[in-house]
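Chemist: A predicted structure for the sequence below; I have some questions about it.
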Protein chains: 4
Amino acid sequence: MRVGVVAKVDKKEAVVAAKKVVDFLRKKAEVAVEEQTGKKIGIKGKSLKKMKADIIVAVGGDGTILRTLQACDAPVFGINAGAVGFLTEVTPDNAAAGLNRILRNDYAVDKRTKIKVMLNRERLYDCVNEVVIHTAHIAKMRHFKIFIDNVKAEEIRADGIIVATPTGSTCYAMSVGSPILDPRVDALVIAPIAPFKLSARPIVVPAKSRITITCSRGPSLLVLDGQCERKVEKDDVVSFTASKTPARFIRFDHNFYRRIREGLIL
Amino acid sequence: MRVGVVAKVDKKEAVVAAKKVVDFLRKKAEVAVEEQTGKKIGIKGKSLKKMKADIIVAVGGDGTILRTLQACDAPVFGINAGAVGFLTEVTPDNAAAGLNRILRNDYAVDKRTKIKVMLNRERLYDCVNEVVIHTAHIAKMRHFKIFIDNVKAEEIRADGIIVATPTGSTCYAMSVGSPILDPRVDALVIAPIAPFKLSARPIVVPAKSRITITCSRGPSLLVLDGQCERKVEKDDVVSFTASKTPARFIRFDHNFYRRIREGLIL
Amino acid sequence: MRVGVVAKVDKKEAVVAAKKVVDFLRKKAEVAVEEQTGKKIGIKGKSLKKMKADIIVAVGGDGTILRTLQACDAPVFGINAGAVGFLTEVTPDNAAAGLNRILRNDYAVDKRTKIKVMLNRERLYDCVNEVVIHTAHIAKMRHFKIFIDNVKAEEIRADGIIVATPTGSTCYAMSVGSPILDPRVDALVIAPIAPFKLSARPIVVPAKSRITITCSRGPSLLVLDGQCERKVEKDDVVSFTASKTPARFIRFDHNFYRRIREGLIL
Amino acid sequence: MRVGVVAKVDKKEAVVAAKKVVDFLRKKAEVAVEEQTGKKIGIKGKSLKKMKADIIVAVGGDGTILRTLQACDAPVFGINAGAVGFLTEVTPDNAAAGLNRILRNDYAVDKRTKIKVMLNRERLYDCVNEVVIHTAHIAKMRHFKIFIDNVKAEEIRADGIIVATPTGSTCYAMSVGSPILDPRVDALVIAPIAPFKLSARPIVVPAKSRITITCSRGPSLLVLDGQCERKVEKDDVVSFTASKTPARFIRFDHNFYRRIREGLIL
């Protein structure tokens, strides 16, 4: 087994924990270290895209996990060394025990729907949590039109629109009134941010449907998993559908409701 | 083709329209009339269960459609002669044109998930819109436990709990904050009524999952599609999952979003 | 000072604690015991209405407090011996310390708006938390018209309507989406239960305004502070305004936000 | 009577209508024209602050009205020549009839609470609708602390916080779940935008209370009535209370509920 290791390099605990992971794994498996992480721990590394790992160990918070998943498709094992760790599986203290379980194949893979995002004809990163289209001018709402499979489903003035996966339904989308989506539900949820329309409601659509959003006036911002931004102008068309490849998380207990109730998610 | 006809017998317009439907169809198809409807229009009828129709024409409001679907599995063509007609397809004025389209096979069948309901070991009616468990003592909340596939997902004091299909997501469930579920989403939504818990949110679960609800103290009422009631006591277990057979509606335009936007649904 | 004592007589802890209160107070003040409570602790008692106390010590939960406030206007000191004690001030363990503070006049009186309720021309009990008009037939909504100072403010189909005081805004009303009202705001909040109207919102009106509600079809139930019920029929008119006399609670720290944050209220 | 006239100068209809207003009024009253408006219609004007009018006629949309109210305290008569005219009273077609009613003193003055805003020790403009503190970095929430009269009432991660008057409760605040506040209620409402906290609720506080908000990290933006912005950094303190002078609107029918129901407001 080839294991990749990546850390949140600007966080000391994460780098320390990543070093321990590398030391631990080296005796038992082939190890590849991500470039920037490698610089911090004195090992020559490779970019995530090129390391061809069977599994990635990501040490940091949710941001680290999300950026890792944008760069490669391998299953991710998250070790929480960040402020927000909904997507991580263990703390640094339990990392060794977790790695041992992985090495002896005693784990489950939790597959999660990702969103494929197109800005006009350009494919952007797939998102694990959500994509947001938000007015670039704070407190000046935009006029959005939302089409589901080419039929207009909603027309609304709002600060923005969130399109979220079930995974993202307990993150930003939750803040604007999204329901909780069991991750086994093959769907995406569309939820407006501050809709100036009393009848606005979140809409749950099939994962395979094509969601298209246009925005009356620019500029707006497209924010992908809270990690990167793109400007959207008046005539741009943004569209969404479920990605063909899921995000994969290594889990020891992946019952969604148990995790919610234990506060791992909410 | 064998066409069954049923009407809301306590509504004159419905009986008049049903008579016209029977007269119209007789020359062109085999016609069976539901027992009570038959009494009103002077034709010997049969119960819905026994009439073995290929299609049922139901004349009335949503209540008529829902009761028809509880009694038989044939596709239903709804003619609106009631106050609330979200589930109907045409008005009496357009009935003849609609029937002609049906006779020449020019229609679509809109399949909608139904909920299978078990009260302890007894199977109750399948529901098209929703099942409600509601305190029988108004303004005295109950303590509900909700299990998804045997894992406790929520524990909550509330007036009641609604379990709705996508079809029902725009009915009673909507009144308590449910999202809109596209009917193609293979899911049910669980939404509490007046939850005494600030963190309560609707939960969207896979249609195939088994939802089990228990209620701390009795009595509560189980209300099936707003049509019939059963008492639920303290130790009773109510469970829900998607029914194997869907409800089938005859539609000429069954795009869900077009119907919502034209106010047919909301 | 004349102190009245009342307990939740069907709860043993409450009766025990009430007996201790009486023993404690007897040496220091004039004590009157409520009739039913008296029977339990072997002292001849008087009805709350007749005991002319300067202060009432109520031992039990919120129900006990609410019933006490319906029967008399004296300031209430609540000792929590019930399941729900948002309105109480101390636990039985702290009762003696609290009574000492009262005897040496070291307390504040927290005045809370009550609702005056008229059913046609009959004045019912004043309510401390809320009045609910709810369909008497579960899951069959009613059509309500709400008038504010004789102008129609809302027309809505719903399960019911809650009219709540600021005190009640964190109770039942909260379950249906009411905002939190600081008790110093001189207002009432009107919040629908399961409104079948997407644009429905809670409305905050001046305490002195006259709220009138009619209900299309009967029967409905009027529930006063969750303690007593009256039937409402089709042509009945129910009206509400702030009561001239407030409820008065004896408090040692009556900062509302501190209480909320410490979980005493929410 | 001295009447001031101001128009939305970048909107032709507004300028045309303003010219008609000036021509109409000149024969009957003393008229002062706002500087920029004067340039457009060929009359020497004065700034709103200096014109000392008894009444201001503002021709445009809500933005025009809000900017006028920020500059002076006179009662405003709004003529709608803009897209959004919740705050205006008549259309240009009814302007002459309205002005005649004003000249013969046949009108009411609708007084509305304004918010006094302090950024540290600097007093900013009073707001008629709302003040928003919003993260300056879209989709990166901030950590806000909200104090009411120096007691911490809420601590919350969110995109922003809205503090609104009753007038503003049907504008931006409504988009994030604020209740409707009858304008006679002497209160302000605090409503979070996209709160990452399931228990967050709008809070209605007395108009006279002092609301203080701090923000964990900068930069954030303070947006006043949607018209002007100020940057807020980490250690800044923003505080709010009702202004001593109300906004005054000239109305012919100022019943709030009638206006809501006729769609003038919502």
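Modeler: Yes, it's here.
Chemist: mind listing the helices for chain A?
Modeler: Using DSSP state H, the helices of chain A run over A:12-26, A:35-41, A:62-71, A:95-103, A:172-175, A:256-261.
Chemist: Stretch A:8-24 near chain D anywhere?
Modeler: No. Taking Cβ under 8 Å from any Cβ of the partner chain as the criterion, stretch A:8-24 and chain D are apart, separated by no less than 15.9 Å. C-beta here means a position set from N, CA and C on the backbone, and glycine is covered the same way.
Chemist: hey, C-alpha coordinates of that stretch in CSV?
Modeler: Taking C-alpha atoms only, stretch A:8-24 is exported to CSV below (Å, rounded to 0.1, in the frame of the first residue of the first chain):
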residue,chain,number,x,y,z
LYS,A,8,-1.8,22.1,7.1
VAL,A,9,1.7,23.5,6.8
ASP,A,10,1.0,26.8,8.6
LYS,A,11,-0.1,25.0,11.8
LYS,A,12,2.6,23.6,14.0
GLU,A,13,0.6,20.8,15.6
ALA,A,14,-0.4,19.6,12.2
VAL,A,15,3.2,19.5,11.0
VAL,A,16,4.4,17.7,14.1
ALA,A,17,1.6,15.1,13.9
ALA,A,18,2.3,14.6,10.2
LYS,A,19,5.9,13.9,11.0
LYS,A,20,4.9,11.3,13.5
VAL,A,21,2.6,9.7,10.9
VAL,A,22,5.4,9.5,8.4
ASP,A,23,7.8,8.0,11.0
PHE,A,24,5.1,5.5,12.0
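Chemist: Worst mean pLDDT among the helices of chain A?
Modeler: Looking at the helices of chain A, the lowest mean pLDDT belongs to helix A:256-261 (a mean of 84).
Chemist: ranking the helices of chain A by burial, who's on top?
Modeler: The highest average neighbour count among the helices of chain A, using mean count of other Cβ atoms under 10 Å in any protein chain shown, belongs to helix A:172-175 at a mean of 25.
Chemist: close to chain B, is it?
Modeler: Yes. Using Cβ under 8 Å from any Cβ, helix A:172-175 comes into contact with chain B via A:Met174.
Chemist: what about the lowest-mean-pLDDT helix or strand in chain A, distance to the chain center?
Modeler: Using mean pLDDT, DSSP states H and E, the weakest-scoring helix or strand in chain A turns out to be helix A:256-261, at a mean of 84. Here helix A:256-261 is found 18 Å from its chain centre; the criterion is Cα atoms, centre = their mean, to the nearest Å.
Chemist: same for it, what does it pack against?
Modeler: Counting contacts by 3 or more Cβ pairs under 8 Å, 6 or more residues apart in numbering or on different chains; DSSP states H and E, helix A:256-261 packs against strand B:151-158.
Chemist: Given the strand it packs on, what are its sheet partners and their directions?
Modeler: Using DSSP bridges, the strands paired with strand B:151-158 in its sheet are strand B:142-148 (antiparallel).
Chemist: to the chain's geometric centre, what's the distance from the strand it pairs with?
Modeler: The chain centre lies 23 Å from the centre of strand B:142-148; the measure is Cα atoms, centre = their mean.
Chemist: quick check: mean pLDDT across that strand?
Modeler: Strand B:142-148 comes out at a mean pLDDT of 97.
Chemist: ok, A:Asp10 - how many residues close by?
Modeler: Residues lying near A:Asp10 (other Cβ atoms under 10 Å in any protein chain shown) number 10.
Chemist: Kindly check the end-to-end length of stretch A:237-247 for me.
Modeler: End-to-end distance for stretch A:237-247: 25 Å, by Cα to Cα, to the nearest Å.
Chemist: hmm, I was thinking of stretch A:2-19
Modeler: End to end - Cα to Cα - stretch A:2-19 spans 16 Å.
Chemist: Contacts for it next, please.
Modeler: A:21-22, A:25, A:29-34, A:36-37, A:39-41, A:48, A:51-61, A:63-64, A:68, A:72, A:74, A:79, A:81-82, A:92, A:95 (Cβ atoms under 8 Å, 6 or more residues apart in numbering or on different chains).
Chemist: Just to check, A:Ile161 is in contact with A:Ile193?
Modeler: Yes. If you go by Cβ atoms under 8 Å, A:Ile161 and A:Ile193 touch, sitting 6.9 Å apart.
Chemist: Need the overlap of contacts for those two.
Modeler: What both A:Ile161 and A:Ile193 touch, as defined by Cβ under 8 Å, 6+ apart, is the set A:Val132.
Chemist: got any ranges where chain A has weak pLDDT?
Modeler: Across chain A, the ranges flagged by pLDDT under 70 are A:263-266.
Chemist: So it: which segments form each domain?
Modeler: Chain A breaks down by automatic domain parsing into domains covering A:2-112+A:246-265, A:115-242.
Chemist: which parts of the stretch 101-250 of chain A sit against chain D?
Modeler: Residues of the stretch 101-250 of chain A lying near chain D (Cβ under 8 Å from any Cβ): A:132, A:134, A:136, A:138-141, A:158-160, A:172, A:174-177, A:193-196, A:198, A:221, A:223, A:226, A:229.
Chemist: mind checking how far the closest residue to A:Pro192 other than its chain neighbours is from chain B?
Modeler: Once flanking residues are discounted, A:Pro192 sits nearest to A:Ala158: 4.3 Å by Cβ to Cβ, 6 or more residues apart in numbering or on different chains. According to Cβ to the nearest Cβ, to the nearest Å, A:Ala158 and chain B sit 16 Å apart.
Chemist: A:Ala158 - how many residues pack around it?
Modeler: 23.
Chemist: I figured it was touching A:Ala139, is that so?
Modeler: No. Shown here, A:Ala158 and A:Ala139 do not form a contact pair, counting by Cβ under 8 Å, at 12.0 Å.
Chemist: got a list of what the spatially most central residue of chain A touches?
Modeler: Centroid check for chain A by Cα atoms, centre = their mean gives A:Val128 as the closest residue, at 2.9 Å. Counting by Cβ under 8 Å, 6+ apart, A:Val128 touches A:65-66, A:69, A:87, A:112, A:114, A:165, A:167-168, A:225, A:247.
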